[in-house]
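Engineer: turn this into a structure:
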Amino acid sequence: MGRHTAESPLARAEQFVWLTARVLEQRRFAYHFLGGSADAVEAALAPYANEDGGYGHALEPDVRGPASRPAHTAHALRVLDAIGRCHGPRVERVCRYLTGVSTREGALPALHRPVRDRPAGPPAPVDGDPPGDLPATGPVVGLLHRNQVWHAWLFRATDFCWAAVEAVVEGRPTHPYEVEAAVAFLDGVPDRSRAEAAADRLGRVVRERHLAVLEPERAAAYPPGSGYAPGEHRFPHDYARVPGSLARRWFTDAELDRSLDHLAAEQAEDGGWPVRRPRRAPGSPLESRPIVTIEALRTLRAHGRPVG
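Structural biologist: Just a heads-up that it's a prediction; the model follows:
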């Protein structure tokens, strides 16, 4: 066990992670909270990489199968970003993979095309040319910009994200996953003045359309949208995961405090945090809970909450 209070949220989560998590999440937990090495995280991530530059093998637990997918590759980039390793030849290969799977608009699709002779689990692949998708594209573009990655793929992908964000703030119907993606894009894109202006307008959309539960004790009054699981709500901390996020300006101190109180209280008896999204495959919740647990602890700590 790590050097922290035995009954602290961190100690309880550590027990949960060691007993339930994949090796990758164990190494990530050790890096973020126990002084573990970035090299160990990279070594655990490496088996998920494919020769085409992408990542597969259910790295993102909701998407099954060995073939490279944008969702797995985005997950890998988040892991690398969190340990300060989102650069160099590896990321160059990732960008080449992203170029090869992009849509006509230069963006990433929500659903992937089938890969010949490779098994695919849920969600099912689609034939033809799926459209570009902000939830798939925005977080990747924002992350690469934040790490000062320069690649030709980013030009059209960035333009796509700007157009999608503008459509949302101009009134196009939206949903929480899309808002989260927009925030990830706006937090990383180089044009800061434009990003701040767009974020201000996006925040008004979130509040006007009740896309964030501001009173957790009244969450039942905020029914999740179509396609969301029962209880799959979004709270202020889901949008403003770090104090420096543009989304932090959308909420008062009291609203964020209530949100963080709710997040802390969600830790289960076994030390992990629950998965609220729909179940895609039998193993998905088991593999997802340690990921959700690590992110919950990182969010609490980023906002100054003691975790142990």
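Engineer: tell me where the stretch 1-150 of the chain is predicted with low confidence.
Structural biologist: In the predicted model of the stretch 1-150 of the chain, residues 1-6, 113-128 satisfy pLDDT under 70.
Engineer: can you pull out the helices in it?
Structural biologist: Under the criterion DSSP state H, counting those that start in this stretch, the stretch 1-150 of the chain contains helices at 9-20, 23-33, 38-45, 70-82, 89-101, 134-146.
Engineer: could you check the longest helix seen in the chain and say which residues are buried?
Structural biologist: When the chain is parsed with DSSP state H, its longest helix is helix 284-302. The neighbour-count check on helix 284-302 (16 or more other Cβ atoms under 10 Å) flags 284-285, 287-301 as buried. From N, CA and C alone the C-beta is placed, and that goes for glycine too.
Engineer: who wins for proximity to Arg258 among the helices of the stretch 1-150 of the chain?
Structural biologist: helix 9-20 (17.7 Å; Cβ to Cβ).
Engineer: which elements pack onto that closest one?
Structural biologist: helix 23-33, helix 284-302 (3 or more Cβ pairs under 8 Å, 6 or more residues apart in numbering; DSSP states H and E).
Engineer: looking at the ones you listed, which is closest to Ala58?
Structural biologist: Closest to Ala58 of the helices and strands packed on helix 9-20, according to Cβ to Cβ: helix 284-302, at 7.3 Å.
Engineer: how big is the angle separating the closest one from helix 9-20?
Structural biologist: With axes from the mean of the first three to the mean of the last three Cα atoms, to 10 degrees as the basis, helix 284-302 and helix 9-20 are set at 160 degrees to each other.
Engineer: got the angle between helix 284-302 and helix 23-33?
Structural biologist: Using the same axes, to 10 degrees: helix 284-302 against helix 23-33 is 10 degrees.
Engineer: what mean pLDDT does helix 284-302 get?
Structural biologist: Mean pLDDT, helix 284-302: 98.
Engineer: just the CA atoms of it, as CSV, please.
Structural biologist: Extracted as CSV, the C-alpha positions of helix 284-302 are listed here (Å, rounded to 0.1, in the frame of the first residue of the first chain):
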residue,chain,number,x,y,z
SER,A,284,-16.7,-3.3,-20.4
PRO,A,285,-17.8,-2.2,-16.9
LEU,A,286,-15.2,-4.3,-15.2
GLU,A,287,-12.4,-2.8,-17.3
SER,A,288,-13.9,0.7,-17.2
ARG,A,289,-14.3,1.1,-13.4
PRO,A,290,-10.6,1.5,-12.6
ILE,A,291,-10.3,4.1,-15.4
VAL,A,292,-13.2,6.0,-14.0
THR,A,293,-11.7,5.7,-10.5
ILE,A,294,-8.4,7.2,-11.6
GLU,A,295,-10.0,10.1,-13.3
ALA,A,296,-12.3,10.8,-10.3
LEU,A,297,-9.2,11.0,-8.1
ARG,A,298,-7.4,13.2,-10.5
THR,A,299,-10.3,15.5,-10.8
LEU,A,300,-10.7,15.8,-7.0
ARG,A,301,-7.0,16.5,-6.5
ALA,A,302,-6.9,19.0,-9.4
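Engineer: can you list contacts of that helix?
Structural biologist: Contacts to helix 284-302, defined as Cβ atoms under 8 Å, 6 or more residues apart in numbering, come from residues 9-10, 13, 16-17, 20-22, 25-26, 28-29, 32-33, 58, 61-62, 237, 241-243, 260, 263-264, 266-267, 271-275, 277, 279, 307.
Engineer: next one: stretch 80-95
Structural biologist: Defining contact as Cβ under 8 Å, 6+ apart, one finds that stretch 80-95 is touched by 28, 31-32, 38, 41-42, 45, 53-54, 73, 76-77, 143-144, 146-147, 149, 151-154.
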